[in-house]
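A.B. asks: Next come a sequence and a model predicted from it.
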Number of protein chains: 2
Amino acid sequence: MMLARHLCLHRISHKYCPVSLCLAINRQITVHRTLTTIPKCFPKHGDITYKSSTYLAKYLHDTSQKVKLDVQESNTNTFTYRTHTCGELRPENEGEKVVLCGWVQFSRLSKFLLLRDAYGLTQCVVSNDTTNLSEVPLETIVKIEGTVALRPKDMINPKMSTGEIEVVINKLEVLNTVDKLPFNLRDYQKPKEQLRLQHRYIDLRFPEMQNNLRVRSNMLHNMRRFLIEQHGFVEVETPTLFCRTPGGAREFVVPTHHTGLFYSLVQSPQQFKQMLMSGGIDRYFQVARCYRDETTRPDRQPEFTQLDIELSFTNLDGVLSMIEQLLYDTFVKPLPRPPFKRITYKEAIENYGSDKPNLTFGLKFVNLRHLFPEKSNDSNFGAYGLPYTSELGKLTAKYKERIREYAKKYNCKVVLNENISKELGMEINEKIKNSIDENNSVIVALGDSENAAQCLGEIRLMIAQLLQSNNLLTVKTDIEPLWVVDFPLFVKGEAGLETCHHPFTAPHPEDVHLLDTDPLKVRSLAYDIVMNGNEIGGGSVRIHNADLQVKIMKILNIDPGKMGHFLNALKCGCPPHAGIALGMDRLVTLACDAESIREVIAFPKSHDGRDPLSGAPNTISDDDKKYYHISTVERF
Amino acid sequence: MMLARHLCLHRISHKYCPVSLCLAINRQITVHRTLTTIPKCFPKHGDITYKSSTYLAKYLHDTSQKVKLDVQESNTNTFTYRTHTCGELRPENEGEKVVLCGWVQFSRLSKFLLLRDAYGLTQCVVSNDTTNLSEVPLETIVKIEGTVALRPKDMINPKMSTGEIEVVINKLEVLNTVDKLPFNLRDYQKPKEQLRLQHRYIDLRFPEMQNNLRVRSNMLHNMRRFLIEQHGFVEVETPTLFCRTPGGAREFVVPTHHTGLFYSLVQSPQQFKQMLMSGGIDRYFQVARCYRDETTRPDRQPEFTQLDIELSFTNLDGVLSMIEQLLYDTFVKPLPRPPFKRITYKEAIENYGSDKPNLTFGLKFVNLRHLFPEKSNDSNFGAYGLPYTSELGKLTAKYKERIREYAKKYNCKVVLNENISKELGMEINEKIKNSIDENNSVIVALGDSENAAQCLGEIRLMIAQLLQSNNLLTVKTDIEPLWVVDFPLFVKGEAGLETCHHPFTAPHPEDVHLLDTDPLKVRSLAYDIVMNGNEIGGGSVRIHNADLQVKIMKILNIDPGKMGHFLNALKCGCPPHAGIALGMDRLVTLACDAESIREVIAFPKSHDGRDPLSGAPNTISDDDKKYYHISTVERF
């Protein structure tokens, strides 16, 4: 049915509120009733509803078109012995005999019982003397058979979606008893993360976690609908037990009963998806589990999920426009109309000191290299200034110390606004001040060009935070997606050249002639997508020519002999192809305004890769060691 | 749009043929153009189209209702530099300038070139002298710019979907050259499996593999639509790096950089999904990757995919009816209308000698126990007869030998038809012959009841094959789904009682009183779904009471102390719940009429768990061993 814009909004804000909205494919708005998971009485609930409505309003405004409102009422009661969820009953159900199941959220005066499930809260009332509520502790699982009644007018709770009714209990059955809980679900203040993760089965009952997991499920489903139904992609599952991929992160190994032989857990389906291209599956995707043993880095999980996509007969523009349309159509927050902004790696570094710049605020660098004519022959030299409003005043000792640390980390010189005359001379000071707004201060970084820029990039983020907390900076709240392109193909590593992306990335056609003479100058056809300072995905046009692939492997010191299967796949009729992978954990974190990726993962590991629930990793039996022909050694 | 039945069929059989059909959710027929992957010129192609049409016709007949024909034309050309696929052009495209990309399938007279991609074949014709086809080897990747022209009437190929047109080449660009292939794609006879797996990137181009992977993708997508959109399920990704689950299959271990500590790769998300139930995600599913180190068993893969489902506030009937509806709505072949047949484990064993009986044919046992009154006090004794038509005649020595092997394997006595008098006596022979049809022979198995039945079960399958190859048995070609229920909770193991399903399975409420006194008599609330002799899934109602769970663990010799997190999840307010897992590899194998699960997996391992492409598993570096504190030992 085609509805005018205001009608959609009306229906959503009245009949179907509270809802989290998923902007579905095909410019349809899909309102999933399954997302009505956050009972109004919980804190933050109103917020989420409000935000959702705002998103929808903005989306409709941005697209300035009529939309089809596809209200999908999935039935969450099928195949169960409840008749309704605890968020479902309304005055029109008056007199109906119902069966509700859920957790006892609260009871009062031995007469009222607040029953909770994933969909809401319903007040139930004792009608006879046989039901003794005082014997039912909180969080007990009960089944209630009863009759829906209208609440007396003065008892209506407008903040509750079921606030106009109550269920008069005919029969209350305790389905499972409950021990003392390690933390209380009615607390407005959440327990510490460690405790939450240790008892995740309780923590998941909090409305934020319910919302995050449901948004994640819906977002992935909408992405699948976009790829499969609209654009003919095929989801192919590829193995995770494989051989080591040269280059890249450390891969977990898995011993086998063949003595001395190990699988590696894949860090991505890269090789498989390229072999699929050679195999004629020309539009592939997979919601892929990937493994990296990087547990020492914060905010990393040993296993994570990426939306992995590859297609044949395409180029850089093809992939970028596909991802733009995919995100525009399926991301739960409004995005600017495609095409998204693009900047080169060089521009990103020189203007913002980062390959994943946050463009929700200004604070762009000024290039000061020309002020140092004595360095004009040193092509590596760079000098950058970060102008910011003088209203911030002088930095406190704490921040000056952090700046000293950045300078040390990047091995470059950083000069604060007040020291420019002293350290760089009156003349340079005057030239710098003339080149910026008179109300601005400036911090200058000098040294190896890329280092100086990246150092100032970290200072930029610190200053932005400072300015923001002093209400001196306008930061957009919208998501600002950004493509970073023209990455270098190689970076200098400890033992020669290393790949900047991965060994299968195609060099920029304009730079191929530099491969032998000046490889560090060669740009690649790699691209990253960045949202508000977070790298949420990356990919590249791949090498499809076996000879070029061997050449690149040799530059990278990778033995082509170990990659025979892959090189053969290129030799036996492999089409040109390109692809990308989006980090779903981070993307959903942004969608849910969550504080860390652990908030959008059902059972995350803690920082050092440990599972807070079971205590994994654990010791294994001698029998297992014997079977796998391994022994544990303390030191070599 | 609502269309009458004949109109649907008309559209499908003319405009949209060839297609593989997916019976989509919500009683809609979704015709995915993405499934039009098998060019008509390939062998078997006609078959698949014919079968698909048959399925649709039968489905429409069975449901005896009008259906909504939702022709989803996914655009398989977006984001690429081709304008059409090689299966797409029709006479109405005459005169259009087009760009096609693909593999050179065939060239002839230096004038005609047959271009292939995943969607079909198109004939291209050289129009000028600058294009030299003799220099373009088969399987070269080319891009052709040209103009669509109608073929001369006598050149029309009615077997080809693009057989009425050809593309006059304006420009031919070689995108990638090709080495000599290890096998030829135009061979009607496929190469041996080992060679196919070793060069899977070529093998995947065969139309059967293209079809299998696309059917798999679509089937999973339709299952997701059913679960998420119709029934409010939430897909939750759970970890694969976890601790060892007591009981069950051997689990792969993964060393960590914490000395002596290992993860286990999960054999299923069982514990996590039950913790999700406790966490209020009351309708969970996941297309889950699972791992079992059972590489020594044929037709098993070290990693495999299951559709894993769990829901709260339900019971056995709830889960069974959910799966019936799910399969009825999404399986690509027609199924009987739910409810599906149910038999108990006891009935299955006593009538067919198997817990996954194939009911596409008869050959039901007769129980002969009453003919042995001297055994009437031995409750373990069993005697079964397998009647089959005497037209088969005597068995040859080869089959007699196989029967002797079965008898040995199950440690029971098997008597062939001709030996009954001699071995069991005239009187029993007469009684047996009186109890069966006069045109039948009978094979008798005697011994421990369950063993004798299972022995005769294997003989039943052998006899069925024999009868079928002699045209003496009617075997239904339809899929016959069957539930097997009332499995025993425990089986006798080498070191005491073992679980029949897994340690979290609920005992049958009628038998709980026998847990202490006669545990082997206790039935469970486990169920398996069987299709034509293949177990394609299984599940159970779970234990939600912590005390009962501890009791069962103790019977099974499992230390409850090691499962503290799990028992806590039950104690802290866990609703009653039940679930199931469907083996997707086997289910898709049935859907595609494939010969083994390796035909529906993009990159399967071979029998001993090796990857034929890369040779994984491999040796690892000393650096890796050092990092993971392990060493390899030959012998302990």
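C.D. replies: Cool, got the structure.
A.B. asks: Next, the buried residues of the helix or strand that A:A464 is a member of.
C.D. replies: Using DSSP states H and E, A:A464 maps to helix A:449-469. By neighbour count on 16 or more other C-beta atoms under 10 Å in any protein chain shown, the buried set for helix A:449-469 is A:449-464, A:466-467. Where C-beta positions appear, they are placed from N, C-alpha and C, glycine not excepted.
A.B. asks: Can you list the helices and strands that that helix packs against?
C.D. replies: helix A:345-352, strand A:381-389, helix A:397-410, strand A:413-415, strand A:440-448 (3 or more C-beta pairs under 8 Å, 6 or more residues apart in numbering or on different chains; DSSP states H and E).
A.B. asks: now the angle from the third one to helix A:449-469?
C.D. replies: Yep, that's helix A:397-410 we're talking about. If you take axes from the mean of the first three to the mean of the last three C-alpha atoms, to 10 degrees, helix A:397-410 sits at 160 degrees to helix A:449-469.
A.B. asks: Please tell me how far the residue nearest to A:K409 when sequence neighbours are not counted sits from A:S449.
C.D. replies: Of all residues not flanking A:K409 in the chain, A:C455 sits nearest, at 7.2 Å (C-beta to C-beta, 6 or more residues apart in numbering or on different chains). Distance of A:C455 to A:S449, computed by C-beta to C-beta, to the nearest Å: 11 Å.
A.B. asks: Spit out the contact partners of the most centrally placed residue in chain A.
C.D. replies: In chain A, the centroid-proximal residue (C-alpha atoms, centre = their mean) is A:R586; its distance is 1.4 Å. Neighbour list for A:R586: A:534-536, A:597 [criterion: C-beta atoms under 8 Å, 6 or more residues apart in numbering or on different chains].
A.B. asks: what's the answer for A:S441, then?
C.D. replies: So A:S441 contacts A:387-390, A:392, A:417 (C-beta under 8 Å, 6+ apart).
A.B. asks: Switch the residues you listed over to a markdown table; also include distance to A:P336.
C.D. replies: Shown next, in a markdown table, are these (distance: C-beta to C-beta, whole Å):
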| residue | distance to A:P336 |
| --- | --- |
| A:P387 | 26 |
| A:Y388 | 26 |
| A:T389 | 27 |
| A:S390 | 32 |
| A:L392 | 30 |
| A:N417 | 34 |
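A.B. asks: Most neighbours among these, which one?
C.D. replies: A:Y388 (24 neighbours; other C-beta atoms under 10 Å in any protein chain shown).
A.B. asks: Would you check that that one makes contact with A:I436?
C.D. replies: No: using C-beta atoms under 8 Å, A:Y388 makes no contact with A:I436, being 9.6 Å away.
A.B. asks: Quick check: neighbours shared by the two?
C.D. replies: Contact criterion C-beta under 8 Å, 6+ apart; residues shared by A:Y388 and A:I436: A:V442.
A.B. asks: Check the secondary structure at the most far-flung residue of chain A relative to its centre for me.
C.D. replies: The centre of chain A is farthest from one residue, A:D129, which by C-alpha atoms, centre = their mean lies 52.4 Å away. Secondary structure state of A:D129, per DSSP: H, G, I helix; E, B strand; the rest coil, is coil.
A.B. asks: what about A:V444, distance to chain B?
C.D. replies: 42 Å (C-beta to the nearest C-beta, to the nearest Å).
A.B. asks: can you pull out the strands in the stretch 201-350 of chain A?
C.D. replies: A:234-235, A:241-242, A:253-255, A:262-265, A:283-291, A:303-312, A:341-344 (DSSP state E, counting those that start in this stretch).
A.B. asks: Out of these, which is closest to B:R369?
C.D. replies: Closest to B:R369 of these is strand A:241-242 (C-beta to C-beta; 48.6 Å).
A.B. asks: Can you give the strand pairings for the closest one, parallel or anti for each?
C.D. replies: Using DSSP bridges, the strands paired with strand A:241-242 are strand A:262-265 (antiparallel).
A.B. asks: avg pLDDT for the partner strand?
C.D. replies: Averaged across strand A:262-265, the pLDDT comes to 96.
A.B. asks: quick one: buried residues of that strand?
C.D. replies: Using 16+ other C-beta under 10 Å as the test for burial, strand A:262-265 gives A:262-265.
A.B. asks: Contacts for the helix holding A:A464, please.
C.D. replies: With contact meaning C-beta under 8 Å, 6+ apart, helix A:449-469 is reached by A:349-350, A:352-354, A:357-358, A:361, A:363, A:365, A:369, A:380-384, A:386, A:388-389, A:392, A:395, A:399, A:402-403, A:406-407, A:409-414, A:443, A:445-447, A:473, A:475, A:533.
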